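Peer 1: need a structure here:
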Amino acid sequence: MTPQKTDNLGWIRALLFPKKSSPPPQPAMLPSDAPLATQPKKPAPFQWPKMEREKVAPAFWTVASILSMIVNVILIIILLVVARQLFSLKSMVGDGLLGGLYQNFILMDQASIKTNVVVETTIPVRFTLPVKTNTSVTLTENTRIDGALVTLNTGGLNITNAPANIILPAGTVLPIALDITVPVDTQVPVTLNVPVDIPLDQTELHAPFVGLQGVVSPYYWLLQPQTKSEADIPACKYSLGLCGWFFK
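Peer 2: Below is the predicted model:
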């Protein structure tokens, strides 16, 4: 008898991948089970058409590259136009604005306030004035002196220290010795013209002026105020006239 061959692969395949059993047959619908009315179907929601990734990416990068090139060309043109006006802009900003501020702050710190102050006032004067001196006075009218001691020498009459009443005529000069104290109480008007010279660097304004110089100075020297034209640029000395043509 011939031995019966065993299909080993078949039963292993059946063990790993079993066949699905077919569903049992559904019973036929009876007329009574039929729906009374047919319900309308809902419309499918709108969906954007799907674009293939392989086609979108190259188109996106192409458009982005074109826009980037256009922007770069515009920026280069703007830079060239601005560069040709470099010295005009530098003169306007560096010398006109920053240079003006920097130099004026230095001049303000070195300035002085010079003026004339007019003083008009009255000064009260109160004191006592001692007067002690020898002087002569002149009588303005006839003056009677009673009990004066008179010495009289005439040709036949000699009188010595005789009491008498005499009258001194007006215009008589008498030497006298003054020893008096005179009180003084008055107002003296004073008018003075006082010159004033105040250096600002010796006042409290010195610190603010120096601080303002320190604020403006870095930007002023950053623009290199000593460079006035293309002739002051070392690289332009070997440009064979290109700098002169460009900055013309």
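Peer 1: ok, residue 88 - contacts?
Peer 2: Residues in contact with residue 88 (C-beta atoms under 8 Å, 6 or more residues apart in numbering): none are found. Glycine gets a C-beta too; all of them are placed from N, C-alpha and C.
Peer 1: Does residue 94 touch residue 223 like I think?
Peer 2: Yes: Residue 94 lies in contact with residue 223 (C-beta atoms under 8 Å); the separation is 3.8 Å.
Peer 1: of these two, who's got more company?
Peer 2: Shown here are residue 94 and residue 223; by other C-beta atoms under 10 Å, residue 94 has more neighbours (21 against 17).
Peer 1: Can you name the next helix or strand after the least confident helix or strand in the chain by mean pLDDT?
Peer 2: Least confident element among the helices and strands of the chain, by mean pLDDT, DSSP states H and E: helix 8-16 (a mean of 55). Tracing the chain past helix 8-16, the next element assigned as helix or strand by DSSP states H and E is helix 53-84.
Peer 1: So what's the residue count around the closest residue to residue 121 other than its chain neighbours?
Peer 2: Spatial nearest neighbour of residue 121, excluding adjacent residues (C-beta to C-beta, 6 or more residues apart in numbering): residue 190 at 5.4 Å. Using other C-beta under 10 Å, residue 190 has 10 neighbouring residues.
Peer 1: try residue 167
Peer 2: 9.
Peer 1: Point out where the chain drops to low pLDDT.
Peer 2: Scanning the chain for pLDDT under 70 picks out 1-56, 84, 86-87, 226, 228-248.
Peer 1: Would you map out the domains in it?
Peer 2: 53-84, 94-246 (automatic domain parsing).
Peer 1: one step back: what helix or strand does the residue nearest to residue 121 sit in?
Peer 2: Per DSSP H and E: strand 173-199 holds residue 190.
Peer 1: packing partners for the following helix or strand past that strand?
Peer 2: Note on strand 173-199: by DSSP H and E, the next helix or strand toward the C-terminus is helix 206-222. Counting contacts by 3 or more C-beta pairs under 8 Å, 6 or more residues apart in numbering; DSSP states H and E, helix 206-222 packs against helix 99-110.
Peer 1: Give me the buried stretch members for the helix it packs on, please.
Peer 2: Buried residues in helix 99-110, counted by 16 or more other C-beta atoms under 10 Å: 99, 101-102, 105, 108-109.
Peer 1: Who does residue 153 form a beta bridge with?
Peer 2: Counting by DSSP bridges, residue 153 is bridged to residue 158.
Peer 1: Near it, how many other residues are there?
Peer 2: Residue 153 has 8 nearby residues by other C-beta under 10 Å.
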